[in-house]
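>>> Sharing a model prediction with you, sequence too.
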Amino acid sequence: MSNNDRYLTFALGKGRLANKTLSLLEQIGITCEEMKDKDSRKLIFVNEEQKLRFFLAKGPDVPTYVEYGVADIGVVGKDTILEEQRRAYEVLDLGFGKCRMCVCGPASAKDLLQHHEMIRVASKYPNIAKDYFYNKKFQTVDIIKLNGSVELGPIVGLSDVIVDIVETGSTLRENGLEVLEEVCPLSARMIVNQVSMKLEAERIRKLICDLKSVI
Ligand code: PRP
């Protein structure tokens, strides 16, 4: 198979991220009409003329597909990149999906953070929480993995604080919690398989360059 016949494969995180990625790609002339059908349950889409393939995966699986090289390129949140710790090059900040990873809790938990107490931290992102408390704050904590609605943690008494994504802050406000510390800013990123970056250097570099011009 000559290099020109090779499909460039994109793994996109299902949902909002995929939709925003598609409209960004559309601005640089990359389209995939059949993907726009909202009711479709199809997971793989091909653009024959442009030799492109797209598949829709669960967000946290995107870095896995890219590390193993079944996708050349992935679009995923920085939160997922940090949490999954897969091998891939992070090549571009796409500028959408902007939010922050924060330590949140009731105002009364502020003291616990300042005095480096042994506290309980609930999070959907145990690796990010661990890295923040152990390697940046040098605070030993008990991390409890949850799968969503993490704000419940401090409310029902499972944890003292949470490490979670804050976008508008309304989930926190409506549940009587607040941002206590910021861990890092987040947004959608493009990642590339390390071997693809060499094999498909030209196509991928052009793609990055084109995207930069519209971001
Ligand atoms: C995310 C995050 C917060 C919320 C933040 O949850 O975990 O709960 O959004 O957004 P806000 O600051 O604009 O209120 P998501 O909706 O993904 O659901 P989840 O709780 O099941 O993870």
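Received it, and whenever you're ready, just let me know what you need. Computed from a predicted model, the values in this text were never measured in an experiment.

>>> which residues sit in contact with the spatially closest residue to K36 that is not a sequence neighbour?
Leaving aside its chain neighbours, K36 sits nearest to L22 (7.5 Å; criterion: C-beta to C-beta, 6 or more residues apart in numbering). All C-beta spots, glycine's among them, are computed from the backbone N, C-alpha and C. Contacts here follow C-beta atoms under 8 Å, 6 or more residues apart in numbering; on that basis L22 touches L12, C32, M35, K36.

>>> ok, longest strand in the protein?
Ranked by residue count, the top strand of the chain under DSSP state E comes out as strand 178-186.

>>> Now that strand: buried residues?
Judged by neighbour count using 16 or more other C-beta atoms under 10 Å, the buried positions of strand 178-186 are E178, L180, E181, V183, L186.

>>> Let's see the pLDDT reported for the residue nearest to the last one when sequence neighbours are not counted.
Spelled out, it's L186. Nearest non-adjacent residue to L186, counting by C-beta to C-beta, 6+ apart: K78, 4.4 Å away. K78 is assigned 98 on the pLDDT scale.

>>> Next, the contact list for whichever residue of the chain sits closest to the ligand, please.
Per C-beta to the nearest ligand atom, G148 is where the chain lies closest to the ligand, at 2.7 Å. For G148, the contacting residues are K124, by C-beta under 8 Å, 6+ apart.

>>> what does the protein put close to the ligand?
Within the chain, the positions near the ligand by C-beta under 6 Å from any ligand atom are 124, 148-151, 164-171.

>>> For K58, grab the count of nearby residues.
Residue crowding around K58 was assessed by other C-beta atoms under 10 Å; the count is 11.

>>> hang on, the earlier thing: now the longest strand of the chain: mean pLDDT?
For strand 178-186, the per-residue pLDDT averages 98.

>>> Next: stretch 16-28.
Average pLDDT, stretch 16-28: 92.

>>> got the CA coordinates for it in PDB?
Below are the C-alpha coordinates for stretch 16-28, written out as PDB (Å, rounded to 0.1, in the frame of the first residue of the first chain):
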ATOM      1  CA  ARG A  16     -20.000  17.700  22.400                       C
ATOM      2  CA  LEU A  17     -16.200  17.400  21.800                       C
ATOM      3  CA  ALA A  18     -16.800  15.400  18.600                       C
ATOM      4  CA  ASN A  19     -19.300  18.000  17.300                       C
ATOM      5  CA  LYS A  20     -17.000  20.900  18.000                       C
ATOM      6  CA  THR A  21     -14.100  19.100  16.400                       C
ATOM      7  CA  LEU A  22     -16.100  18.400  13.300                       C
ATOM      8  CA  SER A  23     -17.000  22.000  12.800                       C
ATOM      9  CA  LEU A  24     -13.400  23.000  13.300                       C
ATOM     10  CA  LEU A  25     -12.300  20.400  10.700                       C
ATOM     11  CA  GLU A  26     -15.000  21.700   8.400                       C
ATOM     12  CA  GLN A  27     -13.400  25.100   8.400                       C
ATOM     13  CA  ILE A  28     -10.300  23.700   7.000                       C
END
